Structure formats: C-alpha cells, structure tokens
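> What follows is a predicted protein model with its sequence.
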Amino acid sequence: MTAADMLNISGAGRKLGLTSSMASARLSKLELQVGADLFHRSTRKISLSIEGAEFLPYAREIIAQEDAAFAALGAGNAHASGTLRLAASSTFAQRFVAPILPEFLELYPSVNIELKLSDTQVSIIEGGFDLALRNYVAQDSSLIGRKLADDTRILCASPCYLEKYGTPREPQDLKNHQLLVFMNSTPRKLISKKHSATFSFPAINTKPRVICDDGASMRIAAEAGIGICMSSMWNIHTELKTGALVRILPDYQIDDQAAIWLVYPKSNVLSAKVRVFIDYLIEKIGTPPFWEK
C-alpha cells in the first residue's frame, strides 16, 4: 500500500524500515500469491497495473481492519496514527474541515490527512477511503452512516438581484426569474403549512440561467446577483447574517429531509484515526450545528 501511495518501491521500503532488496522481495512474494503483477516497472518509474488498482482498495481495508483490531485490544485508547483518507464536498471542506485541521493535527501528531475534495461524489470502497462526508444515508450494506447534522436548504438571492428583478411572492413567480441550479439535481418539492398546493424548484420545464457543479461557486454567483438558487444553510449562513444573501419565499420549506452523514466502511471496530476525527468534527460542528442557531 505504501508503495502504491509513493509509486516508489525503494522509498516505501525506507519508510517501513526495509532495505530496497527486502521491499522488492516482499512485493514479489505478494505478486506470486495473488498471481498478477501489481506494478508496471521500468528503469525510470513504476505505475500501478490494472490488477494493482483493483487490489489496492482491499489492501487498504486489510490495514484498516488491523488498526481496528489493535484499537479493540487497547480498549478504546489505541494510539491514533497513520494516514486518514477523507472524501468530502469541496464546499463543505473549505468551510468546516480545512479550518479545523491545524488544531486536529496538533492534537494528533501521528495522523496525516489525505483529502479528496469534490462536489461530485466518489466510491468510498473502490477509492480506498477511510471516511466520507455525504448528504445522503448510506444504502450500501458494506458502509455505515452516522448523522452529523440536518441539511436544511432554502431559496435565496442577493439584494441587488431582488432590487433589479423584484422579489417573488409565490412559487409561481419563479418562472419569471433567473435561476441557478446544481448540475444533475432533481427538482425539490416546496411545501408550506399555510398553503395546500405544492410546487417544485426548479419547476418542471423551467430552463435555468446557470447550471453549476460546485456549491461555493453557486454561492458566489448568487451573491454577485446572477439569480435565485437553492442552497444549504451551512453554505450560506454567514452571507445571510451579513445581508449579502436574502431568503426568499420564507413560508415554503424544501421537503427532502436532507442530512449530512459521516460514512465509512463497515468494520467491527473503528480504527483510532477515524474515531478521533469523527469525534473531533462532531464536537466542532455542535448539536444542533452552529449554523442553525
């Protein structure tokens, strides 16, 4: 696994306290066991073979299970160490993960962090990730989900946009406005305790003015006055407080029961590095999360 991360067999050997010849011998023995070359080797560089790329997630899981076993024997006091591979929305990570990393890394000097940040979701198992932040509950039986917070979403726009185009009073008015919509998203139902009729955002057959696959860019575009968007409270709570963005149609709620989940591969015991990061993130986010207060 270390050789795959570094793409350097000798370097991986040194990191593990092995000579180059010992590292090569152990790798050759493993390749004999699996019956395939895990790396393509040349005089200048190495790269993962197709078989190596397929084998890597399972190797990571074996290491994770070993960490979990030692954590269990340590009765919950195992030393947190190793590289934590985390997949998360780039927008959420920019606001809530990156700012807390300095303190976390100071508390756990033996833990390193590898971040895969994208608003396009990746496979946790195939990617070999220890933990992922998702806005849906895990459906895969090989994964476990722990709820971090509700993901309340609202419709909003900038004051300058509303001054120019007017403020919608009813959902029907949205058809006359410029809309910013997240790429590949399905229409969300709008409901109200004051009205029996239901609507959706965006409405069927509505053509958005801007389609985007990044939450931070959508927030910035809305703040710049491009149009109306649906966004999570955690993404825009600061802008709502400063007045840079304004909630519209406040009588209507987005009826999708969205939430933010911490998702990780199923295991009898969490490895120490994953456990301490989950606990730390939950502590920093708070219950309820600070953006809802």
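Ah, there it is. Numbers count the residues shown, from 1 in each chain.

> CA only for contacts and neighbour counts going forward, please
Will do.

> C-terminal to the helix or strand of the chain with the lowest mean pLDDT, what's the next element?
Sorting the helices and strands of the chain by mean pLDDT, DSSP states H and E puts helix 2-6 at the bottom, at a mean of 69. Scanning forward in sequence from helix 2-6 by DSSP states H and E, the next helix or strand is helix 9-15.

> Which other helices and strands does that next one contact?
Using 3 or more CA pairs under 8 Å, 6 or more residues apart in numbering; DSSP states H and E as the contact criterion, the secondary-structure elements in contact with helix 9-15 are helix 2-6, helix 20-34.

> could you give me the average pLDDT of it?
Averaged across helix 9-15, pLDDT comes to 74.

> Which positions in that helix come out as buried?
Buried residues in helix 9-15, counted by 16 or more other CA atoms under 10 Å: Ile9, Ser10, Gly11, Ala12, Gly13.

> would you list those in JSON lines and tack on distance to Ile100?
Putting these into JSON lines (distance: CA to CA, whole Å) gives the following:
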{"residue": "Ile9", "distance to Ile100": "33"}
{"residue": "Ser10", "distance to Ile100": "34"}
{"residue": "Gly11", "distance to Ile100": "31"}
{"residue": "Ala12", "distance to Ile100": "30"}
{"residue": "Gly13", "distance to Ile100": "32"}
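
> Just the closest of those residues to Pro289, please.
When these are compared for distance to Pro289, the smallest value, 41.1 Å, is given by Ala12; criterion: CA to CA.

> Check whether the closest one really touches Met22, as I assumed.
No. Here Ala12 lies out of contact with Met22, judged by CA atoms under 8 Å, at a distance of 10.8 Å.

> Name all residues that sit in contact with these two at the same time.
When contacts are counted by CA atoms under 8 Å, 6 or more residues apart in numbering, Ala12 and Met22 have no shared neighbour.

> And Tyr264, what's its pLDDT?
In this prediction, Tyr264 carries a pLDDT score of 86.

> just checking, it is part of a strand?
Yes. Read with DSSP: H, G, I helix; E, B strand; the rest coil, Tyr264 is one of the residues of a strand.

> and the nearest residue to it once chain neighbours are set aside, how many residues sit next to it?
Counting by CA to CA, 6 or more residues apart in numbering, the nearest residue to Tyr264 once its immediate chain neighbours are dropped is Leu131, at 4.6 Å. Leu131 is surrounded by 24 other residues when neighbours are defined as other CA atoms under 10 Å.

> Tell me what Leu131 is bridged to.
As for beta bridges, Leu131 partners with Leu86 under DSSP bridges.

> I'd guessed it sits against Ala87; true?
Yes. Between Leu131 and Ala87 there is a contact under CA under 8 Å: 6.5 Å.

> shared neighbours, these two?
Counting by CA under 8 Å, 6+ apart, the contacts common to Leu131 and Ala87 are Ile124.

> Let me know the pLDDT of the closest residue to Pro265 other than its chain neighbours.
The shortest distance from Pro265 to any residue that is not its chain neighbour, by CA to CA, 6+ apart, is 4.5 Å, and that residue is Leu143. Confidence per residue is given as pLDDT, and for Leu143 that number is 75.

> same thing with Tyr136?
Per-residue pLDDT puts Tyr136 at 68.

> Checking Leu237 next. Helix, strand or coil?
Quick fix: residue 237 reads His, not Leu. Following three-state DSSP, the label given to His237 is helix.

> Who are the contact partners of it?
So, once contact is read as CA under 8 Å, 6+ apart, His237 ends up touching Trp291.

> Quick check: the gap between it and Phe96.
As defined by CA to CA, to the nearest Å, His237 lies at a distance of 12 Å from Phe96.

> Equivalent analysis for Cys156, please.
Spatial separation of Cys156 from Phe96 under the definition CA to CA is 21 Å.

> Between these two, tell me which one has more neighbours.
Taking Cys156 and Phe96 together and counting by other CA under 10 Å, Cys156 has the greater number of neighbours (23 against 15).

> Specify the beta-bridge partners of that one.
Beta-bridge partners recorded for Cys156 (DSSP bridges): Cys229, Arg247.
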